[in-house]
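S.K.: Provided below are the primary sequence and the corresponding predicted coordinates.
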Amino acid sequence: MRRRAAALLFLIFGLAVPAQAHKLKVFATVEGTSVAGYAFFIGGGRPHGTPWTAKDSSGEIAGGTTDAEGRFAFTLPPAGAAGDVTVTVDTREGHIASATLSAARLGGSAAPATAMAVRTAAPTPATTDITAAVEAAVQRQVEPLLERIEELDARLRVTDIVSGIFLILGLGGMALWARGRRR
């Protein structure tokens, strides 16, 4: 009987998935030629003094350590990024997370085709200034929404907890049923 119980516990622990309560996430946003963001743990808290790197397809373009609030910031190279930029935070304690910023968000050459079709004439300095001001205003309005979406996506839901409890109860019920059938 003890061997079966030990085998059942071994099976349960062997099939267990890692807990998400302390998972590391990275949030990054673009403002002009600067990228800023922070790393945070799902259960709360932010890693401070943690190494981070920013890479594009040509290699590393920036790096450093997070501040006391888990924040990082860097300026894109004058030539711009070569494709998407991935910011990776590594706590060196088993927690690694990344956020990828597409070339379109960085103002790269991967602009949407519809935006290209609308621009039939060469942009003047006045329209370029207006476009930059509108993009900056939209970015300031959208940034809190993107941040909130990232936090909501990472949080543990009540349904997850209730599902886990009922899974445990169901497995216990099946074990009791199997035990009762043998008698």
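M.R.: Yep, that arrived. Quick caveat, the model's predicted, so the values are computed rather than measured.
S.K.: quick one: the helices in the protein, in order.
M.R.: 2-15, 113-118, 125-154, 158-182 (DSSP state H).
S.K.: from Ala97, how far off is the nearest residue to Phe40 once chain neighbours are set aside?
M.R.: Using C-beta to C-beta, 6 or more residues apart in numbering and skipping the chain neighbours, the partner closest in space to Phe40 is Arg46 (5.0 Å). No exception for glycine: its C-beta is placed from N, CA and C like everyone else's. Distance, Arg46 to Ala97, using C-beta to C-beta, to the nearest Å: 12 Å.
S.K.: between these two, which is the more surrounded one?
M.R.: The neighbour comparison of Arg46 against Ala97 (other C-beta atoms under 10 Å) goes to Ala97, with 20 against 16.
S.K.: separation between that one and Val162?
M.R.: Distance from Ala97 to Val162, counting by C-beta to C-beta: 27 Å.
S.K.: do the same with Ala39
M.R.: When C-beta to C-beta is the yardstick, Ala39 and Val162 sit 29 Å from each other.
S.K.: which one's more surrounded, the two?
M.R.: Higher neighbour count among Ala39 and Val162: Ala39, with 27 against 10, using other C-beta under 10 Å.
S.K.: not counting its neighbours along the chain, what's nearest that one?
M.R.: Here the residue nearest Ala39, using C-beta to C-beta, 6+ apart, is Val89, at 4.2 Å.
S.K.: next one: Arg140
M.R.: Closest residue to Arg140 apart from its sequence neighbours, by C-beta to C-beta, 6+ apart: Glu31 at 7.9 Å.
S.K.: most tightly packed of the helices of the chain?
M.R.: Of those, the one with the most neighbours on average (mean count of other C-beta atoms under 10 Å) is helix 125-154, at a mean of 12.
S.K.: OK, contacts around Ala136?
M.R.: The neighbours of Ala136, taking C-beta atoms under 8 Å, 6 or more residues apart in numbering as the test, are Glu31, Gly32.
S.K.: for the record, mean pLDDT for stretch 86-100?
M.R.: Taken as a whole, stretch 86-100 has a mean pLDDT of 89.
S.K.: ok, now stretch 65-79?
M.R.: 88.
S.K.: just how off-centre is it within its chain?
M.R.: For stretch 65-79, the separation from the chain centroid amounts to 16 Å (computed by C-alpha atoms, centre = their mean, to the nearest Å).
S.K.: I figured Arg105 hits Glu31, correct?
M.R.: No: using C-beta atoms under 8 Å as the test, Arg105 is too far from Glu31 to be in contact (10.6 Å).
S.K.: neighbour count: those two, which is higher?
M.R.: Taking neighbours as other C-beta under 10 Å, Arg105 and Glu31 compare with Arg105 leading, 16 against 13.
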